[in-house]
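A.B. asks: Any chance you can model this:
(one chain, ligands or ions: 1)
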Amino acid sequence: MYQPINLTDKIFYVGVNDRRTHLFENLWPLERGVAYNSYVINDHKVALIDTVEIGHVDQFLKKVRAVIGDKPIDYLVINHMEPDHAGSVQILTELYPDMQLVGNKKTIPMVEGFFGINDKDKFIEVGEADVLMLGENTLQFHMIPMVHWPETMVSYVQEQKLLFSGDAFGSFGTLDGGVFDDEVEFDYFKDEMRRYYSNIVGKYGNPVQKALDKLSGLEIEMIAATHGPIIRTHIAEMLEMYDAWSKYEAGNGVVIAYASMYGHTEEMAEVVARELAVQGVKAIRMYDVSKTHASYIISDIFKYKGVIFGSPTYSNELHPSLEAS
Ligand SMILES: Cc1cc2nc3c(=O)[nH]c(=O)nc-3n(C[C@H](O)[C@H](O)[C@H](O)COP(=O)(O)O)c2cc1C
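C.D. replies: Residues are numbered from 1 along each chain as shown. Modelled structure (predicted):
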């Protein structure tokens, strides 16, 4: 039985946990799963903010109905078209035929491409700073292209100072009871947020800087992303972390990532590490790339200023496991 989880009196968490998938995007290891977050605003008008991965749609619908009962959904806001969030759009349009899809000019052709939905009356196209009134809550939309897809946008509830941020500020890890940042072991999620950011969004530092600039004009008291805990007590810290990562600023420390078949390159890496320690470097992270998944190494490379790679020659190239990392 789902106990509705309130963000505010009319806004609810209706996300689901995925503890079965081994690799996110068939690429990134999920040691402690991942949550697909979605939210319902049960106001005079009912709006759903994003959906969940299609494999979890039954549980998702139960949660949505536990909040809205038999009321229809008026709007489905699509902040991001990636299938772990937009995966249930089609089935929802069938279940709620009068529901309108809210997206920007880049979202709409994607919806048509993904789902073959092309009825113009189904869409409400929104642009920068447009608003959608729901009753006591007003949604305002801000475009954040390439964080991390072209159509990405965020939705801001003006009255609540609440930002539905899409994948921005998201992290791996299921929400095992605790849903808000003050209800969980937040340090774990901070690390997983950096692994998520560095591997999935990290290339787009400039678009993230532009997005942060735009969001700096908003007063934000809660960030509700599509993965990971809802942030309400660590807002400033999160914004600072995103600012530093997107400027590629890092703290003191060195990552040493090596490949070694017979141990000689590893021995060299040990010597280098010892010398770094003698020189006063305390944070030294050594990884054998054949053992540790690249996503953890990349995450640490975003955390520390220094990085050293070591590889034996292998058929005149780098060792394949380092090359692959
Ligand atoms: C399959 C294979 C391919 C190799 N190719 C080269 C090569 O192209 N050029 C070279 O100088 N050494 C080559 N080597 C030798 C290794 O680079 C050398 O033994 C190195 O010291 C191994 O380092 P490690 O002990 O860290 O694995 C090759 C070794 C193996 C097993």
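A.B. asks: List the buried residues in the helix or strand harbouring Leu139.
C.D. replies: Assigned by DSSP states H and E, Leu139 belongs to strand 138-143. If you call a residue buried by 16 or more other Cβ atoms under 10 Å, then strand 138-143 has these buried ones: 139-143. Heads up, the C-betas are built off the backbone N, CA and C, glycines and all.
A.B. asks: Need the contact partners of that strand.
C.D. replies: 41, 47, 77, 102, 104, 126-132, 152-159, 214-215, 218 (Cβ atoms under 8 Å, 6 or more residues apart in numbering).
A.B. asks: Extract the CA atoms of stretch 77-97 and return them as PDB.
C.D. replies: In PDB, the C-alpha atoms belonging to stretch 77-97 read as follows (Å, rounded to 0.1, in the frame of the first residue of the first chain):
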ATOM      1  CA  VAL A  77       4.800  18.000 -18.300                       C
ATOM      2  CA  ILE A  78       7.700  16.400 -20.200                       C
ATOM      3  CA  ASN A  79      10.900  18.000 -18.900                       C
ATOM      4  CA  HIS A  80      13.100  15.300 -20.600                       C
ATOM      5  CA  MET A  81      12.400  12.700 -23.300                       C
ATOM      6  CA  GLU A  82      14.900  10.000 -22.200                       C
ATOM      7  CA  PRO A  83      12.900   6.700 -21.900                       C
ATOM      8  CA  ASP A  84      13.600   6.300 -18.200                       C
ATOM      9  CA  HIS A  85      11.300   9.300 -17.700                       C
ATOM     10  CA  ALA A  86       9.200   9.500 -20.900                       C
ATOM     11  CA  GLY A  87       8.800   5.700 -21.100                       C
ATOM     12  CA  SER A  88       5.200   5.800 -19.900                       C
ATOM     13  CA  VAL A  89       4.000   8.700 -21.900                       C
ATOM     14  CA  GLN A  90       2.200   6.600 -24.500                       C
ATOM     15  CA  ILE A  91       0.300   4.500 -22.100                       C
ATOM     16  CA  LEU A  92      -0.700   7.500 -20.100                       C
ATOM     17  CA  THR A  93      -2.100   9.200 -23.300                       C
ATOM     18  CA  GLU A  94      -4.200   6.100 -23.800                       C
ATOM     19  CA  LEU A  95      -5.400   6.000 -20.200                       C
ATOM     20  CA  TYR A  96      -6.100   9.700 -20.000                       C
ATOM     21  CA  PRO A  97      -7.200  10.700 -23.600                       C
END
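A.B. asks: buried sites along it?
C.D. replies: Quick answer for stretch 77-97 (16+ other Cβ under 10 Å): 77-82, 84-93, 96.
A.B. asks: for stretch 298-317, what is the average pLDDT?
C.D. replies: Averaged over stretch 298-317, pLDDT sits at 97.
A.B. asks: for stretch 129-136, that is, sorry about that
C.D. replies: 98.
A.B. asks: so Lys282, which of the three states?
C.D. replies: coil (DSSP: H, G, I helix; E, B strand; the rest coil).
A.B. asks: Same question for Leu212.
C.D. replies: Secondary structure, three-state DSSP: Leu212 is helix.
A.B. asks: between the buried residues of strand 138-143, which is nearest the ligand?
C.D. replies: For these, the closest approach to the ligand (Cβ to the nearest ligand atom) belongs to Met143, at 48.7 Å.
A.B. asks: The strand holding Leu139: how far from the chain's middle?
C.D. replies: From the chain centre to the centre of strand 138-143 is a distance of 18 Å (Cα atoms, centre = their mean, to the nearest Å).
A.B. asks: can you check stretch 34-46 too?
C.D. replies: Centroid separation for stretch 34-46 versus its chain: 17 Å, with Cα atoms, centre = their mean.
A.B. asks: Can you measure across that stretch, start residue to end residue?
C.D. replies: Distance between the two ends of stretch 34-46: 26 Å, counting by Cα to Cα, to the nearest Å.
A.B. asks: what comes up buried for it?
C.D. replies: By neighbour count on 16+ other Cβ under 10 Å, the buried set for stretch 34-46 is 34-43, 45-46.
A.B. asks: could the buried residues of strand 138-143 go into a markdown table alongside pLDDT and distance to the ligand?
C.D. replies: A markdown table is the format used below for those (pLDDT from 0 to 100; distance: Cβ to the nearest ligand atom, whole Å):
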| residue | pLDDT | distance to the ligand |
| --- | --- | --- |
| Leu139 | 98 | 56 |
| Gln140 | 98 | 56 |
| Phe141 | 98 | 53 |
| His142 | 98 | 50 |
| Met143 | 97 | 49 |
